[in-house]
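**Q** after the sequence you'll find the predicted model.
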Amino acid sequence: MYVEERKTGKNIKYYLVHSYRDKGKVRKIRKYLGRNLAKEELEKAKNGAKLHILELLEELNTEVFLFTLTKNQIEKLNRLDKNIRVVHFDQKEWQQFTEEFTYNTNAIEGSTVQRDEVPEILDKQKASGAEELETKGVAKAVNYIKNAKEDISIELIKKLQDILHQGVPLSQLHLALNDLISWHKENKNKFKPLVLAAIMHNQFEYIHPFQDGNGRVGRFLLNFILLRNNYPPINISLEDRGEYYLALQEYQKRRNLKPTIEFLVKQYKKTLRKVTTKYHNR
């Protein structure tokens, strides 16, 4: 926000101005402060106008890449977050989740490794073959996001891609993902963690920046956001792959986020029932 001065004859009128983006266009809110104000009067008027502008901004639509959401729509989506129960994993539960997630996220992408083969592969000192390398890579990435302290960045996404698969040049990533990171920084406090994670995951899949590995990286991005907000991670089951893809299509084709969030709520409940005894709402 900044103060704008307009001279009319011998008088000076003051306005507090705030610029913002709406549907790709730069727009401004101006609040009249007064005329011929002394320094203290100007400062007092500016503080009052700032509060008024912030209230107006709360009512404006929020751009979500492919569409906009009103404040009421955001509140409705955020209420879906209440349908999950937040629990925290101990070491044994993390091991169980890592095995489940590793099997399912690779199987969704076409891996032939079976669920009962995963623990043995993870115990090996050295992988043999591409699918065993993928299995160990996913488990390594789970451990990485579990312990990561940084916020979302292009460097973090590149690190995940490097762990899971050979990455594309960093210059291409900057072009593809800069808007994603900027949007997250500006809007992350408007959404509940599950909704925020769903938006970031879906938009990442829509961008599809890598030659390979977008599905895996997108699901890690989803879980990274959840973990950063003290939520447990989600395992998306192979058996629900069809519903998962339909939810992604609803976002990409119809700008509809609700199916993804409802799907993730169901996957959350399945994950917790599978991994931990702390979840009893069966």
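**A** Alright, I've got the coordinates. Bear in mind that the values here come from a model prediction, so they are computed numbers and not experimental data. Numbers count the residues shown, from 1 in each chain.
**Q** checking the closest residue to residue 223 other than its chain neighbours next. Helix, strand or coil?
**A** Among residues not flanking residue 223 along the chain, residue 233 sits closest, at 3.9 Å (C-beta to C-beta, 6 or more residues apart in numbering). Using the backbone N, CA and C atoms, a C-beta is placed for each residue, glycine as well. When classified by DSSP: H, G, I helix; E, B strand; the rest coil, residue 233 comes out as coil.
**Q** looks to me like residue 111 is in a helix.
**A** No: going by three-state DSSP, the assignment for residue 111 is coil, not a helix.
**Q** can you show me the strands along this structure?
**A** With DSSP state E as the criterion, the chain has strands at 2-8, 11-22, 25-35, 62-64, 67-69.
**Q** now distance to residue 165, mean pLDDT and mean neighbour count too, for the ones you listed, in CSV please.
**A** Formatted as CSV, these follow (distance: least, C-beta to C-beta, whole Å; pLDDT from 0 to 100; neighbours: other C-beta atoms under 10 Å):
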stretch, distance to residue 165, mean pLDDT, mean neighbour count
strand 2-8, 46, 87, 10
strand 11-22, 34, 83, 14
strand 25-35, 38, 83, 13
strand 62-64, 28, 84, 19
strand 67-69, 30, 84, 17
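**Q** as CSV, those strands with distance to residue 101 would be great.
**A** As requested, the strands of the chain are exported to CSV (distance: least, C-beta to C-beta, whole Å):
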stretch, distance to residue 101
strand 2-8, 48
strand 11-22, 36
strand 25-35, 41
strand 62-64, 27
strand 67-69, 30
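**Q** what's the closest of those strands to residue 148?
**A** Smallest distance to residue 148 across the strands of the chain (C-beta to C-beta): 24.8 Å, for strand 62-64.
**Q** all helices of the stretch 51-200 of the chain, in order?
**A** Secondary structure of the stretch 51-200 of the chain, counting by DSSP state H, counting those that start in this stretch: helices at 71-80, 91-108, 118-123, 130-147, 154-164, 170-187, 193-207.
**Q** quick one: contacts for the residue nearest to residue 223?
**A** Residue 233 makes contact with 97, 101, 142, 145, 223, 226, 227, 271 under the criterion C-beta atoms under 8 Å, 6 or more residues apart in numbering.
**Q** quick one: the third one from residue 160, how far?
**A** Separation of residue 142 from residue 160 (C-beta to C-beta, to the nearest Å) stands at 10 Å.
**Q** now do the fourth one
**A** Going from residue 145 to residue 160 by C-beta to C-beta gives 8 Å.
**Q** joint contacts of the two?
**A** By C-beta under 8 Å, 6+ apart, residue 145 and residue 160 have these common neighbours: 220, 224.
**Q** for residue 151, phi and psi?
**A** The phi/psi pair for residue 151 (degrees, to the nearest 10) reads phi -90, psi 170.
**Q** and it, what pLDDT?
**A** The per-residue pLDDT reported for residue 151 equals 93.
**Q** now for it, how many residues are close by?
**A** Counted with other C-beta atoms under 10 Å, the neighbours of residue 151 add up to 13.
**Q** show me where pLDDT drops low in the stretch 51-200 of the chain?
**A** 58-59, 166-172 (pLDDT under 70).
**Q** repeat the analysis, applying 90 as the threshold.
**A** Within the stretch 51-200 of the chain, the stretches with pLDDT under 90 are 51-73, 84-85, 158, 165-177.
**Q** and residue 71, how far is that from residue 17?
**A** 23 Å.
**Q** just residue 70 next, same as before
**A** Here residue 70 is placed at a distance of 24 Å from residue 17 (C-beta to C-beta).
**Q** list the buried ones in stretch 143-156?
**A** 145, 152, 154, 156 (16 or more other C-beta atoms under 10 Å).
**Q** including distance to residue 48, could the contacts of residue 233 go into CSV?
**A** Below are those laid out as CSV (distance: C-beta to C-beta, whole Å):
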residue, distance to residue 48
97, 51
101, 51
142, 50
145, 44
223, 44
226, 39
227, 41
271, 49
